[in-house]
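Asks: Predicted coordinates and the sequence they were generated for:
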Amino acid sequence: MTEAAGPSHGWVDRIVVAAALAASIALLWTITGEPVVVAGFAGGVIALGALASLLAKRRAPLSEPELAMPDWSVTVAAIEREGVAVAVTDRAARLVCANRCHEEWFGTAGAPPRLPADVASLDRLGQAARLAWREGKAGIELVEGVADCAGQRWSGDIRRAGRGEDYLVWNLSPIEYTDPAAELAAWLDGKLGQALASAGIAAAIVDPDGVIQSASAGFAARATGEVETEVTGKEFVSFLNEDEDGHISWSRDGDRAPPLTLYYLPVTEPGITGEPTPESSPSLMLLADAGAGIGGGGEVSAAVPHLEELLSQLPLGLAMAERDGRLLFANVAFMRAAGREDCKPPTYPTDLVVQEDKRALSEAIRRFAQGAATSGDIAVRLASQPDEPVSLSLAGVRGLGEAAVLLGLTDSTEESRLKRQVAQATKMQAVGQLAGGVAHDFNNVLTAILGTCDLMLMRHTPGDSDYDDIQQIRANSNRAASLTRQLLAFSRQQTLRPEVLQLPDVVSDVSQMLKRLIGEKIELVVSHDRDLGPVRADPTQLEQVIVNLAVNARDAIQARTAKPGSDAGVDSGGKLTLATRRISASDVRAMDSEIIPAGDYTALVVEDTGGGIAPENLAKIFEPFFTTKDQGKGTGLGLSTVYGIVKQSGGFIFADSDQGKGAKFSVYLPVHTIAPGTSPIAEKADTPEKPSEWAGGGRVLLVEDEDPVRLVAERALTRQGYEVTMASDGEEGLEYVQLGRKYDIVVSDVVMPSMDGPAMAREIRKLTPDMPVLFMSGYAEEQLRSEIDIDRMHFLPKPFSVQELSDKVGEVLAVQKHSGK
């Protein structure tokens, strides 16, 4: 930063002016010799100088300090925070700088939001980044699945920063987990340990190796005889004896010591998967005198109510049952885990589970209530959530009066919900990748079939015996190409042409077609909210979304009206409602959804009066090839195509259904913010003006690893007058250029063995910088452009016809000629 002129500069200026004034006065004295003239001249000059100085001070503008170029080393030093990962990314999602914690946890290979996390976390990071660019800040709820930090989770926030707000500052902090064993240890050191001791119960927390982590004062007193004696770090069994009958007692009491009842409660630690066992997690060990309750002793009878009071305060879900299975006690945490938080404990524990599991639970309680005090687990399905099995811990207890079995249940609602979300997201991602790969390979086959059909049709005319057969092959190939486009739509890999548009305009354009599509017996109702925000999407694909949802609704209505015993007659028809809704950020927050981030949306709601969707099918309807229609009446790709288009457009789709009354699909598209002074028309996807048709031939380097596609493309281009050189991979194509052969254009596949198309194109550009490149691929154009990043790159989606290939090559050469290169 440049420094402003300081006071020293002012004094120098004054000295120079004074010297000039003195020289002028001396010169005037030499010429005139008149003191009066000299004095008048000097006084006038001084007065004018003072006036000019005063005016200069009043009018002198304040100099603006120049801004220095950013020094990122200073930024790195400023963001260095202990225990917090901080990173700065630019608008191109490139990592500008990161602190030490970010490098240790996530590395520097990928910048946020592309961290080495699981699929669900990447989706949340991407949504948060888009929200931060739009709103200026966003929260990050959960990041997990980082391979180098197994079991660790993070949360944080994003802020938009910089002079032009061109950067995002990411803050990720580890989520601190509450250790149940540490919590219980604190309880044992406090009033709980004292209360247990007064009730005659000794308590200790023992790790999987049998070492005592913490113990109550009562345990130390019974085990050693002194309350102050330190027992932590010693083996638990070292304080106990076991006789030949399996009875245990305190070692310090000798051989004639009264028997003890020992039962344990597993304490699950963060990061431990599977069912908790003494071998995998710490345990809360409780020791009580086994003979105190024999014969109706009053000490245990008095101790049991105290025990119930103490257990009711524990954060673990605990209950006690009699030998005949009757429930004596259940704390609040147990009822919450059982899905009965606001209800009283039932008479029997079996009342909490589904009918099929009642017998197994009843037998398990009787088994643990008899014989030696043992413990174990049983998987049951709760009546409140029959689809999710839970683990119920049982432990036989002795010496506590009527109580014979201790039941333990952990509230796993949130864990189960997260597991379902992660499993669903992972499944959809895997199916999408599989669908995209299948579609890409199938497109190569279809390109060869369509191209061969086109070449054969050039040799046949209508009326020939083979002409109709060739046309039939071509029609079926186009139908197969339509299926691959649907697969690419589901896998979010199709080519979109997004524009800034108003959703009601798209609905209006497709309404007339929908009326013919759904028939006269189904009423079509269209309504729009006012002040709807514009959205950025491909209008053709949005029409496809509306048509697919309308056809799905039509089939549901017709199935309901045709169903025997239906309330609606065959001729009664139904109603299909299309509505656009304005959804504000406050409306989204009121939805309390963890899937859709807060922001402004324009929603499309499609609602029908059909038979609805069965609950067991609601989670599967967006999966490809899943259909409830009769065989031959549906491909199962309609809703999966809708799902892919909506997700690729940055939106969200939800399905709600009340079986027997209809279904509702809600599509949420984020409102597109238009820059000030820019019209929506200006933000449409740029469509270059089509140049004049290419009349001349040219030299074409054709690079394609699939033999059928390469041969068809070579024949098509040769028929149009092009001189074609074929190469089967990138290395062979590059070798031809390195040999000095001249070409006007390179036509290449993208994915090839050895050297792929983009790598070959970059090497060719080093030799001939102005060489135009036309890529052929079955993947989406937007995806390829973001990954390849090569100037003057052109794209032709597979499958294509012979005419489309020839026209595209001519168009690229015409553009090259028009640009003067």
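Replies: That came through fine.
Asks: per-residue confidence at the residue positioned nearest the centre of the chain?
Replies: Residue closest to the average C-alpha location in the chain (Cα atoms, centre = their mean): residue 123, at 1.6 Å. At residue 123, the pLDDT value in this model is 86.
Asks: where's it, which helix or strand?
Replies: helix 119-135 (DSSP states H and E).
Asks: Tell me the helix or strand right after that helix.
Replies: Under the assignment DSSP H and E, the closest C-terminal helix or strand after helix 119-135 is strand 137-143.
Asks: Sheet-wise, list the partners of the longest strand anywhere in the chain with their directions.
Replies: For the chain, the longest strand by residue count, based on DSSP state E, is strand 389-400. Partner strands for strand 389-400, per DSSP bridges, with pairing direction: strand 375-381 (antiparallel), strand 403-409 (antiparallel).
Asks: Tabulate the ones you listed (a markdown table), appending distance to residue 726, mean pLDDT and mean neighbour count.
Replies: For the C-beta atoms, the positions are set from N, CA and C on the backbone; glycine is no exception. Shown next, in a markdown table, are these (distance: least, Cβ to Cβ, whole Å; pLDDT from 0 to 100; neighbours: other Cβ atoms under 10 Å):
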| stretch | distance to residue 726 | mean pLDDT | mean neighbour count |
| --- | --- | --- | --- |
| strand 375-381 | 62 | 83 | 17 |
| strand 403-409 | 69 | 81 | 24 |
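Asks: Which of the ones you listed sits closest to residue 807?
Replies: Distance to residue 807, taken as Cβ to Cβ, is lowest for strand 375-381 among the strands paired with strand 389-400, at 62.0 Å.
Asks: quick one: contacts of that closest one?
Replies: Strand 375-381 has contacts (Cβ atoms under 8 Å, 6 or more residues apart in numbering) with 263-264, 275, 353-354, 356-357, 360-361, 364, 368, 387-396.
Asks: Kindly give a single ChimeraX line that selects the buried subset of those.
Replies: In ChimeraX, the members of those classed as buried (16 or more other Cβ atoms under 10 Å) are selected with the following command:
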select :263,264,353,354,357,361,364,368,389,390,391,392,393,394,395,396
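Asks: Just after the helix or strand of the chain with the lowest mean pLDDT, pick out the following helix or strand.
Replies: Lowest by mean pLDDT, DSSP states H and E among the helices and strands of the chain is helix 298-311, with a mean of 54. Where DSSP H and E defines the elements, the next helix or strand beyond helix 298-311 is strand 317-321.
Asks: Counting by contacts, list what that following strand packs against.
Replies: Where contact means 3 or more Cβ pairs under 8 Å, 6 or more residues apart in numbering; DSSP states H and E, strand 317-321 is packed against helix 298-311, strand 327-330, helix 332-337, strand 403-409.
Asks: Quick check: residue 78 vs residue 556, distance?
Replies: Applying Cβ to Cβ, to the nearest Å, the value for residue 78 to residue 556 is 59 Å.
Asks: actually residue 253, sorry about that
Replies: 75 Å.
Asks: neighbour count winner among these two?
Replies: Under the criterion of other Cβ atoms under 10 Å, the comparison of residue 253 against residue 556 puts residue 556 first, with 23 against 13.
Asks: Now the host helix or strand of the more buried one - C-alpha only, PDB.
Replies: Taking DSSP H and E as the definition, residue 556 sits inside helix 539-562. Provided in PDB are the C-alpha atoms of helix 539-562 (Å, rounded to 0.1, in the frame of the first residue of the first chain):
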ATOM      1  CA  PRO A 539     -38.200 -25.900 -20.800                       C
ATOM      2  CA  THR A 540     -38.400 -29.000 -22.900                       C
ATOM      3  CA  GLN A 541     -37.400 -31.200 -19.900                       C
ATOM      4  CA  LEU A 542     -39.800 -29.400 -17.600                       C
ATOM      5  CA  GLU A 543     -42.600 -30.200 -20.100                       C
ATOM      6  CA  GLN A 544     -41.400 -33.800 -19.900                       C
ATOM      7  CA  VAL A 545     -41.700 -33.700 -16.100                       C
ATOM      8  CA  ILE A 546     -45.300 -32.300 -16.300                       C
ATOM      9  CA  VAL A 547     -46.300 -34.900 -19.000                       C
ATOM     10  CA  ASN A 548     -44.900 -37.800 -17.100                       C
ATOM     11  CA  LEU A 549     -46.600 -36.800 -13.800                       C
ATOM     12  CA  ALA A 550     -49.900 -36.200 -15.700                       C
ATOM     13  CA  VAL A 551     -49.800 -39.600 -17.400                       C
ATOM     14  CA  ASN A 552     -49.000 -41.200 -14.100                       C
ATOM     15  CA  ALA A 553     -52.000 -39.400 -12.500                       C
ATOM     16  CA  ARG A 554     -54.200 -40.400 -15.500                       C
ATOM     17  CA  ASP A 555     -53.400 -44.100 -15.100                       C
ATOM     18  CA  ALA A 556     -54.000 -43.900 -11.300                       C
ATOM     19  CA  ILE A 557     -57.500 -42.300 -11.900                       C
ATOM     20  CA  GLN A 558     -58.500 -44.800 -14.500                       C
ATOM     21  CA  ALA A 559     -57.300 -47.700 -12.400                       C
ATOM     22  CA  ARG A 560     -59.400 -46.400  -9.500                       C
ATOM     23  CA  THR A 561     -62.600 -45.800 -11.500                       C
ATOM     24  CA  ALA A 562     -62.300 -49.200 -13.200                       C
END
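Asks: No more questions from me, cheers.
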